[in-house]
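Undergrad: Got a sequence here, can you build the structure:
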Amino acid sequence: MSHISFIRLTNFRNLANQEINLNNLANIFIGLNGAGKTNIIETVSLLSPGKGLKKQSFQKISTFNTDKPWVIFIKYMKNNNSSINIATTYENNEKGSSLKKILINREKQKKLLELNHI
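TA: Numbering: from 1, shown residues only. As a prediction, this is how the structure comes out:
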């Protein structure tokens, strides 16, 4: 079964540096309020078009103690046991707005639609 097998978060909300191994059946996140459970779910939502689950500006998603951008790295296991590395972050353009940046196997993608073909 195709599934996300690994997530690494850097400077993402209250998770400054977090690695999470997932399995292909079910994954349950348990923790106190404010521990980061929803933030883990939001990482997956940021792989789709738009601003993610909470719809905040990309700069506000970064850990509050840093001015460095957040980075999400995901390892996606395909049915044939091959894997795809997906990374997403943001970059500011000349106009001062921020744009989501997606890399698949270290190659920058022009559109998020490229994720539909993996």
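Undergrad: And the longest helix along the chain, what's buried?
TA: When the chain is parsed with DSSP state H, its longest helix is helix 37-45. In terms of neighbour count (16 or more other C-beta atoms under 10 Å), helix 37-45 has its buried residues at 39-40, 42-43. Heads up, the C-betas are built off the backbone N, CA and C, glycines and all.
Undergrad: Show the average pLDDT along whatever helix or strand comes next after it.
TA: Downstream of helix 37-45, the next assigned helix or strand under DSSP states H and E is helix 58-61. Regarding helix 58-61, the rounded mean pLDDT is 78.
Undergrad: And stretch 71-86, by the same measure?
TA: 93.
Undergrad: what comes into contact with that stretch?
TA: If you take C-beta atoms under 8 Å, 6 or more residues apart in numbering as the criterion, stretch 71-86 is touched by 1-12, 24, 43-44, 46-47, 87-89, 102-106, 115, 118.
Undergrad: returning to what we had before: mind checking the pLDDT average for the longest helix of the chain?
TA: Mean pLDDT, helix 37-45: 88.
Undergrad: For S62, grab the count of nearby residues.
TA: Per other C-beta atoms under 10 Å, the neighbour tally for S62 reads 20.
Undergrad: hang on, isn't it packed against W70?
TA: Yes - using C-beta atoms under 8 Å, S62 is in contact with W70, at 4.8 Å.
Undergrad: residues in contact with H3?
TA: H3 touches 22-24, 76-77, counting by C-beta under 8 Å, 6+ apart.
Undergrad: can you pull out the strands in this protein?
TA: Assigned by DSSP state E, the strands in the chain fall at 3-12, 15-21, 71-77, 83-92, 98-104, 107-108.
Undergrad: rewinding a little: can you select the buried ones from the contacts of H3 in ChimeraX?
TA: Selection of buried members from those for ChimeraX, criterion 16+ other C-beta under 10 Å:
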select :22,76,77
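Undergrad: nearest to T66, of the contacts of H3?
TA: T66 lies nearest to L22 out of the contacts of H3, by C-beta to C-beta, at 25.7 Å.
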